[in-house]
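Sequence and predicted structure are below.
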Amino acid sequence: MRLLPHKTFSHDRQASAVARAIAGRQERLARRLNRRFAQLALHARKTCLLCFCLLMGGASSYLLLAALLPTAMPPASHTRPPASCETPLTQYPDPVLSHPSTLP
């Protein structure tokens, strides 16, 4: 029993051609950037490296903290209706207090 269709040789050939094209562009970009940074003074290279490390470290720290810490905003499905609605607000619990992350 076959669950997935068998790849044909032409798909492999096409995939390797795309991979070669991407690798070639990466190499050209890397050579160009290497030549540009080689012309910079040592102090400028160190400054660029420091800025890059701070930017990437800050971004990864933000993503890590955003994934681990609960958010203060409740999901959109738990919001209250507008005050102009005819339905009494006593039917709807407070979304912040009833959010699963705030329950004991």
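Nice, thanks for sending it over. Numbering: from 1, shown residues only.

buried stuff in the lowest-mean-pLDDT helix or strand in the chain?
The helix or strand of the chain with the poorest confidence is helix 9-38; it has a mean of 91 (mean pLDDT, DSSP states H and E). Within helix 9-38, no residue counts as buried by 16 or more other Cβ atoms under 10 Å. Bear in mind the C-beta positions are built from the backbone N, C-alpha and C, glycine included.

cool, and stretch 47-57?
Buried positions in stretch 47-57, judged by neighbour count with 16+ other Cβ under 10 Å: none.

got the contact list for it?
37, 40 (Cβ atoms under 8 Å, 6 or more residues apart in numbering).

Stretch 15-35 now?
Looking at stretch 15-35 with Cβ under 8 Å, 6+ apart, no contacting residue turns up.

Can I get it as CSV, trimmed to CA atoms?
Output of stretch 15-35 as CSV, limited to C-alpha atoms (Å, rounded to 0.1, in the frame of the first residue of the first chain):
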residue,chain,number,x,y,z
ALA,A,15,14.5,20.2,-7.4
SER,A,16,18.2,19.9,-7.8
ALA,A,17,18.2,22.6,-10.5
VAL,A,18,16.3,24.9,-8.2
ALA,A,19,18.7,24.1,-5.4
ARG,A,20,21.8,24.8,-7.6
ALA,A,21,20.3,28.1,-8.6
ILE,A,22,19.7,29.1,-5.0
ALA,A,23,23.2,28.0,-4.0
GLY,A,24,24.7,30.0,-6.8
ARG,A,25,22.9,33.2,-5.9
GLN,A,26,23.9,32.7,-2.2
GLU,A,27,27.6,32.3,-3.2
ARG,A,28,27.5,35.4,-5.4
LEU,A,29,25.9,37.4,-2.6
ALA,A,30,28.4,36.1,-0.1
ARG,A,31,31.3,37.0,-2.3
ARG,A,32,30.0,40.5,-2.9
LEU,A,33,29.3,41.1,0.8
ASN,A,34,32.7,39.7,1.7
ARG,A,35,34.4,42.1,-0.7
